[in-house]
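Asks: Here is a sequence with its predicted model. Questions after.
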Amino acid sequence: MHKNILEVQDLKKYFPLSGKQVKAVDGVSFSLEEGTTLGIVGESGSGKSTIARLILKLIEPTSGKVDFLGESLYDLPQKELRTLRSNMQMIFQNPYLSLFPHLSIGDNIEQPFIINRLGNDSVRREKVLELMDLVGVSKDYYHAFPHELSGGQQQRVGIARALALNPKLIICDEPVSSLDVSIQAQILNLLEKLQKDRNLSYIFIAHNLAVVEHISKKVAVMYLGKFVECADTAELYNNPLHPYTKALLEAVPSLEADGGKAFEAIYGEIPSPLNPPKGCRFCTRCKYAKPECLSVEPEYREVNPGHFVACHLV
Ligand code: ADP
Ligand code: MG
């Protein structure tokens, strides 16, 4: 039996906005098996980054439960939280913005050691050089500044920094969305290799199903704050059940499709999470919607072993 490193139960985050509530994340549940990747895919605004920030406890949840390494994240005292937190790190969409522009590459990667008061100057320098080697950044860049590196190299630095404290979980929030296609594959390969070598667990967020297919063991499709479907990767891509997942798959023939093209096949815009549609949230854009879909919210249920979907038509 494989052990779950992360268990998320009915997680919600509502942001107050001019007297109303933005239901950014509205009851999401999933688990992540240690050493594997869960891909989370959805359009911009569907709540993916909010899930990331909730798991890292960068923001407080409205309700719900997150268990990480068997500990309840939201119930832990501050001190124990710090240890637990060093076991989870994040990689961001824009590597340049995630680095300190006025610090050298070496100093950027050294930051986690300094913040946690680990090692002395020479030990830290040795660790930084090891990390640079691990992620494929030449040590010649040790004294360079972030703007002197390409986007792909900057993201490698972001990955080195995320690995510094030997985390068990890395949340990758669209880590390749801003990179050229050829570079995307290199970064994905690097992440996969690191996962194998270090038994890392990933949550890999993307707005494109093609990006997460290879790296993910399970994939969840998110729409307006909820998971609409989640299954093992092969099952989801071969036997998609939700009309939204089907449309996403039709829209994305390859890794080359960019975010804009990916959603052309789905007519209309994603509704505002301030005013999600009644009934099924996807009903305003669903080709197959029937009256029930406009009034009754479908339950997210397990239709095949490990295959969850929220749709009245399934
Ligand atoms: P994604 O990462 O999928 O693009 P986000 O999680 O960033 O989506 O955002 C989900 C929704 O929550 C969006 O409608 C966004 O505008 C809203 N949102 C995110 N953060 C805040 C905030 N701090 N205050 C108000 N609304 C927010
Ligand atoms: Mg986001």
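Replies: Now that the structure is in, tell me what you want to look at. Residues are numbered from 1 along each chain as shown. Ligands and ions are numbered 1, 2, ... in the order given.
Asks: how about the helices of this structure, start to end?
Replies: 48-55, 78-86, 95-98, 105-115, 121-135, 151-163, 181-198, 209-213, 233-238, 243-251, 259-262, 291-295 (DSSP state H).
Asks: Can you spell out the domain ranges of this protein, please?
Replies: 4-87+167-309, 101-166 (automatic domain parsing).
Asks: okay if I get these as a markdown table plus mean pLDDT and distance to Pro95?
Replies: To be clear about C-beta, it is placed using only N, CA and C from the backbone, and glycine gets the same treatment. Output for the domains of the chain, formatted as a markdown table (pLDDT from 0 to 100; distance: least, Cβ to Cβ, whole Å):
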| stretch | mean pLDDT | distance to Pro95 |
| --- | --- | --- |
| domain 4-87+167-309 | 91 | 8 |
| domain 101-166 | 96 | 4 |
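Asks: And those domains: which comes nearest ligand 2?
Replies: Of all these, domain 4-87+167-309 sits nearest to ligand 2, with 3.2 Å by Cβ to the ion.
Asks: ok, the closest one near ligand 1 or not?
Replies: Yes - Domain 4-87+167-309 reaches ligand 1 (Cβ under 6 Å from any ligand atom) through 15, 17, 22, 24, 42, 44-50, 273.
Asks: So which of these belong to strands?
Replies: Phe15, Leu17, Val22, Ala24 (DSSP state E).
Asks: is it true that the first one touches Asp26?
Replies: No - the pair Phe15 and Asp26 does not pass the contact test of Cβ atoms under 8 Å, sitting 11.5 Å apart.
Asks: Settle it for me: which of those two has more neighbours?
Replies: A count of neighbours by other Cβ atoms under 10 Å puts Asp26 above the other of Phe15 and Asp26, at 20 against 15.
Asks: who's the more buried one bridged to?
Replies: Lys12 (DSSP bridges).
Asks: wait, doesn't it sit right on Val228?
Replies: No - counting by Cβ under 8 Å, Asp26 stays clear of Val228, with 11.7 Å between them.
Asks: List every C-alpha atom in stretch 301-310, with coordinates, as CSV.
Replies: Provided in CSV are the C-alpha atoms of stretch 301-310 (Å, rounded to 0.1, in the frame of the first residue of the first chain):
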residue,chain,number,x,y,z
ARG,A,301,-18.7,11.0,-7.1
GLU,A,302,-16.6,8.0,-7.9
VAL,A,303,-18.0,6.3,-11.0
ASN,A,304,-15.2,3.9,-11.7
PRO,A,305,-12.5,2.9,-9.1
GLY,A,306,-10.4,6.1,-8.6
HIS,A,307,-12.4,8.0,-11.3
PHE,A,308,-14.4,10.9,-9.9
VAL,A,309,-16.7,13.1,-11.9
ALA,A,310,-19.4,15.7,-11.2
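Asks: Could you check how far the closest residue to Tyr142 other than its chain neighbours is from Leu194?
Replies: Among residues not flanking Tyr142 along the chain, Gly106 sits closest, at 4.2 Å (Cβ to Cβ, 6 or more residues apart in numbering). For Gly106, the distance to Leu194 (Cβ to Cβ, to the nearest Å) stands at 20 Å.
Asks: what's the neighbour count on the residue of the stretch 201-314 of the chain found nearest ligand 1?
Replies: Going by Cβ to the nearest ligand atom, ligand 1 is nearest to Pro273 of the stretch 201-314 of the chain, at 4.6 Å. Pro273 has 22 neighbours, counted by other Cβ under 10 Å.
Asks: Pull the contacting residues for it.
Replies: Val22, Lys23, Ala24, Asp26, Gly45, Gly47, Leu224, Gly225 (Cβ atoms under 8 Å, 6 or more residues apart in numbering).
Asks: and these, which two are the farthest apart?
Replies: Using Cβ to Cβ, the two most remote members of those are Asp26 and Gly45, lying 12.9 Å apart.
Asks: what residues do these two have in common as contacts?
Replies: With Cβ under 8 Å, 6+ apart, Asp26 and Gly45 have common neighbours Leu224, Pro273.
Asks: what's across from the most centrally placed residue in the chain in the sheet?
Replies: Centroid check for the chain by Cα atoms, centre = their mean gives Ile205 as the closest residue, at 3.0 Å. Per DSSP bridges, the residues bridged to Ile205 are Ile40, Asp173.
Asks: tell me the contacts of it?
Replies: Gly39, Ile40, Val41, Lys48, Ser49, Ile51, Ala52, Ile171, Cys172, Asp173, Glu174.
Asks: The protein against ligand 2: which residues are in contact?
Replies: Residues of the chain lying close to ligand 2 by Cβ under 5 Å from the ion are Lys48, Ser49.
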